[in-house]
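>>> sharing a sequence plus its predicted fold:
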Amino acid sequence: MTEETRYTVAMKTDAGESVGSAGRDPEDSLQEELQGLYDKAFALSDRDARAARVLADDIYAKAGDAKSPYWQGLSRYLAGFCFYNLSEYDSAMEEFEHGDQIAQEHNLPNLAIKFRNGYGAIFSRLGRYDDAIEQFAEGLKKAREMDLKSDAGRFLVNLGEVSLLMGDIDQALSFESEAEGLILKDMAGDSRYAIDVYYNLAEAQSKSGRMEDAERSYRRSLETATMVGNTVSEVEARVRLGSILAGRGHQAEALAVIEEAYRLSRSCGFALQEVGSLIACGRIELSLGRLEEATHHFEMAVEVADSHRMGDLLPPALESLSTAKAAMNRFDEAYRDLQKSVEAAHAWSSSEAARMLAELAAGYRLEKVKREAQVEKVRREGLESANERLRIVTRIGRSLTQSLEPRDILTRMWSELSTSIDLKSLGFGIYSPDSGEIEFPGLIESGVLQKASSVFLSDESSLAALCVREKRILYYATSDEARSALGDKPTITFGSVPVRSETILYLPLFRENDIVGVMTVQSVRDHAYSDDIIEMLEAVALFTAIAVENARILIRLNELNQTISGEKEQVEKVALASSWLAEHDSLTGLANRRFLERILDENIRLAILEDNSIVVFFVDLDEFKRVNDAYGHDAGDRVLVAIAARLVSVFRDGDYVARVGGDEFVVVAPGVKDMTSIASMADKVVKSLNEPLSITEGPVSVSISVGVALFPEHGHSSRELINRADEAMYLIKRTGKGAWRLWSAF
């Protein structure tokens, strides 16, 4: 379960501690009565929060009669957490502010420090993590200064939990481990503290992949909570423990554990925990294929979350309901529920944004927001443009590495670049250090391929020679600037062709530290190329350098092997193998994992700005080892190449297909809007291998299992989305191969 679907009580309280001597006379029977009422209310707060709040109000009234501000303030602290457990955060904040005011007016620092805990708990629950950290950090500092071990321990617990919510697992483990160390020293015998520490420690261990440690910690938290009758903590630990059991394939046991959590939360009126339990039950039912039961659980979760205005839990409840309905082929309903999920998430985010804007009292701050919005718009447009340039560079890279013929390479470059930038002339030269000659296989001018030409490195009238000599980019926004760069020389040449361009760009071509040639791009307009276009052309030059080096190798090898028949094909293979980009798979020609992750991260950034979606498919061959065993590894390689071709044929031109492992492929499909399209694409992928593959050894039949993950629902980074799709793929392998599955936490 992701942190966005977290439902448990966000922060832990210390309301059950004995007051001690502050404001209390041990001989005073009224003080004894107040302590007894307080202990009773605290014991009720995790089972029947409304009854506990009534007792807290009784304490407040009696303390007022006794003129005991400490007890009045402490009663508001307890009342605040009663409202907190009931998910009534406005009322909780009012109680905390009331109690804090009492503590400040009567100079009660031991009481005032507790309200840092209350404020931080609410801020964390509302997603205002910076504010929560500020409160907890201030509380921890003061608790240490005042040597209040109990308060310091609880602030450590809460700082660990906020760290976890923000995704900093290492920091969370550090805080919780320090808090755990206090159990055996200063906090021995404090059951509530032990419950909280072990629970949060389990959360951090789970996030760091230490599942066995997490299970042990959850069980310790559950055992202690059950022993002392802390219902809220028992429910939390049960649901988290159930999720671990489900992840290990023990669905029946997990379901029993979580159903008991649901019963407890419902009987105690804890709506927050009730929604979480319902979602957890539904996800296990979904994994078991019990679609009707899962749908029922999710519908109940939606109803409770909506009625209690749980803006953060309504979206995941609706999303889970959509997933269940899609699995039942009720795609229209699934789409509507998914739309509601997105709208609810936006409403939650928007209401928070409105609150923040309301706090910007000064007019200049509002103007700043407007300016930043305009900057963001410009940034988004720039990102869109950058993404398109990245696509161009990728296409050129793929195209150039498919040929060793210089004039063919030049034609391919023109085909890609002429549709993207203002282009009159395009060419590249191959430099030979031995002869000092720069040979141009041709110049394309206005779409027409001209004859080959050459210049020598010593030619003072050639910008190409100047570029190679000085090993730097030459950019002239006008032809006059170019002439000025060559001094008194009357002619600027491209090979033997006089320059008739206004904007002239020459780029040196490097392989490692050696210059292997030069590339030029020219336009009839002045100032035709922006910095962004030049940056893109620099990337194209890297691919061109590889192609030029391949061509140069081919030329040298052909000169040495003219008498050997059929040698050219072998030379091409060797040259290609030696210079193949690190971002591509040498067997299939597809992108590799590193390149795909970069492309996916770029598309994620663009999708965030456009409020768009991305689908990631993780494809794995079923029992591929049998193919290798039956036909040999060479045949297995041919099968992988054939499968790569099938996958490319299924997807759109704008999708990205990559080979990320031996028999594993990943496909990124941006902009798929609805579950119907996603399901259709996944079905096509699976069915693409219904027909046998044709290889030299004969027809080979294979099937694939496909896992599917969605952005932003299932992750916010390339690695997270790929891992989620991988998990879904492994689950479908366990439950039935030759099919596909959408990722879910259970």
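Okay, I see it.
>>> domain map for the protein?
29-107, 270-349, 399-579, 593-742 (automatic domain parsing).
>>> so how far is the shortest one off the chain centroid?
Chain-centre distance of domain 29-107: 42 Å, with CA atoms, centre = their mean, to the nearest Å.
>>> can you give me the end-to-end distance of that domain?
25 Å (CA to CA, to the nearest Å).
>>> report the rounded mean pLDDT for it.
For domain 29-107, mean pLDDT is 86.
>>> quick one: low-confidence parts of this protein?
Flagging of the chain using pLDDT under 70 yields the residue ranges 1-28, 46, 184-189, 311-312, 345-390, 394, 397-404, 486-500, 551-582, 746.
>>> same thing but at 50, please
Applying pLDDT under 50 to the chain picks out residues 1-27, 349-370, 490-491, 495-496, 563, 565-566, 571, 574-580.
>>> show me where the stretch 1-150 of the chain has helices.
With DSSP state H, counting those that start in this stretch as the criterion, the stretch 1-150 of the chain has helices at 29-45, 49-65, 69-85, 89-105, 109-125, 129-145, 149-165.
>>> what's the most buried one of those helices?
helix 69-85 (a mean of 26; mean count of other CB atoms under 10 Å). Where C-beta positions appear, they are placed from N, C-alpha and C, glycine not excepted.
>>> now it against helix 109-125, angle please.
Angle, helix 69-85 to helix 109-125, by axes from the mean of the first three to the mean of the last three CA atoms, to 10 degrees: 10 degrees.
>>> please save the CA atoms from stretch 686-696 in CSV.
Extracted in CSV, the C-alpha atoms of stretch 686-696 (Å, rounded to 0.1, in the frame of the first residue of the first chain):
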residue,chain,number,x,y,z
VAL,A,686,-0.8,-11.2,-25.1
LYS,A,687,-2.5,-12.3,-28.3
SER,A,688,0.4,-11.1,-30.5
LEU,A,689,2.1,-14.5,-29.7
ASN,A,690,-1.0,-16.6,-30.5
GLU,A,691,0.6,-17.4,-33.8
PRO,A,692,3.9,-19.4,-33.7
LEU,A,693,7.2,-17.6,-34.4
SER,A,694,9.1,-18.6,-37.6
ILE,A,695,12.8,-19.3,-37.1
THR,A,696,15.3,-21.4,-39.0
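>>> so for it, what gets flagged as buried?
Neighbour counts over stretch 686-696 (16 or more other CB atoms under 10 Å) mark 686, 688, 689, 693, 695 as buried.
>>> make CSV from those and add secondary structure to it.
Shown next, in CSV, are those (DSSP: H, G, I helix; E, B strand; the rest coil):
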residue, secondary structure
686, helix
688, coil
689, coil
693, strand
695, strand
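>>> let me have the residues you listed in CSV, extended by distance to residue 709.
Below are the buried residues of stretch 686-696 laid out as CSV (distance: CB to CB, whole Å):
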residue, distance to residue 709
686, 16
688, 20
689, 21
693, 27
695, 31
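>>> nearest to residue 164, of those residues?
residue 686 (37.4 Å; CB to CB).
>>> quick one: contacts for the closest one?
Residues in contact with residue 686 (CB atoms under 8 Å, 6 or more residues apart in numbering) are 703, 704, 706, 738, 739, 740.
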